[in-house]
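> just a sequence and a predicted model for now, questions to come.
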Amino acid sequence: MTFKILLQYLLPHRFLSRLVYWATRWTFAPWKNWLIATIVRNYDVDMAEAVQPDPLAYQHFNAFFTRKLKPGARRADADPTALLSPADGRISQAGAIEDGRIFQAKGQSYTAAELLGEEAAAAPYRNGCFVTVYLSPRDYHRVHMPLKGTLKETVHVPGRIFSVAPFAVEAIPRLFARNERLVCHFEGEHGPFVVVMVGAVLVSSVATVWDGLVIPPYASSIRRKSFAGQHVTLERFAEMARFNMGSTVIVLLPEGTTELDALQPQQAVRVGQRLGARHPGN
């Protein structure tokens, strides 16, 4: 085990995440301007896409990090049957769910039941397919709908807050099923699907368009919230949530509903880009 990985087990994850949550909302100009300028410079952030292109005009670092893009900066694939990328970032992994197991990296895997927090919820996806998208600090950090869907339930699953950078994904067993996460269950026009917002160290803060800030507070036990009868329906490509800092989004789809394109690990993707398509008749 490398020292870098050992640190992932030893660091006080929640304390550091709370500290970063506060630090990224501090409006003290020299501090927030230094943080923003450092990220823009080191990660070559394209500010020309943003509604506010001046990086130092943002109230604090988190406002910069969750910045809106100009209309037309991202477009949904024109094919109405296309499965859309929910985020800017890179494909971590994508493919078939095999007998309930989802491939993580280099021989690592985890179960859909572990990810979703229960066996029954995972049943429709036992032999379905998945797409995992990793967001780096340079990326647009709002998450959009891969398909049109009506929200049925959210499940806040407690856990660790390991890094989700590639080095950690390759080395830490069942990482995505161990990190704090928000599971969003939708009913689509052709069956159910799930979008999972996975937290990460220094990152674990998630807000949704229907509930506002959901994480933090951090959970000590599984928290479920039903949206049955509330008619929270989001169109394909609509904004659904945002990460305050970066992280990972995982989409699960049932067997026989969707055929993924030939997606490769580390392939760059953008919100609205086609990742696959529904099968004829679905």
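In hand now; what should we look at? Fair warning: this is a prediction, and the values are worked out from it, not measured in the lab.
> can you pull the contacts of Gln8?
Residues near Gln8 by C-beta atoms under 8 Å, 6 or more residues apart in numbering: 162-163, 168, 172, 201. Placement of C-beta: from N, CA and C, glycine included.
> what is the burial count for the residue nearest to Asp139 when sequence neighbours are not counted?
Distances taken as C-beta to C-beta, 6 or more residues apart in numbering put Asp88 closest to Asp139, at 4.2 Å, once the chain neighbours are dropped. By other C-beta atoms under 10 Å, the residues close to Asp88 number 24.
> so Asp88 sits against Val271, correct?
Yes: here Asp88 reaches Val271: they are 5.6 Å apart, a contact under C-beta atoms under 8 Å.
> give me the common contacts of the two.
74, 140.
> and the helices in the stretch 101-250 of the chain, which stretches?
Per DSSP state H, counting those that start in this stretch, the stretch 101-250 of the chain carries helices over the ranges 112-116, 119-122, 166-171, 175-178.
> so how far is the longest one off the chain centroid?
I take that to be helix 166-171. Taking the mean of its C-alpha atoms, helix 166-171 sits 17 Å from the chain's own mean (C-alpha atoms, centre = their mean, to the nearest Å).
> check which residues of it are buried.
The neighbour-count check on helix 166-171 (16 or more other C-beta atoms under 10 Å) flags 168-169, 171 as buried.
> can you redo the residues you listed as TSV, where the extra columns are distance to Ser136?
Putting those into TSV (distance: C-beta to C-beta, whole Å) gives the following:
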residue	distance to Ser136
Ala168	13
Val169	13
Ala171	18
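> wait, is Ala63 part of a strand?
No: secondary structure of Ala63 (DSSP: H, G, I helix; E, B strand; the rest coil): helix, not part of a strand.
> let me see the contact set for it.
So Ala63 contacts nothing (C-beta under 8 Å, 6+ apart).
> what do you get for Pro158?
Per C-beta under 8 Å, 6+ apart, neighbours of Pro158: 180, 218-222.
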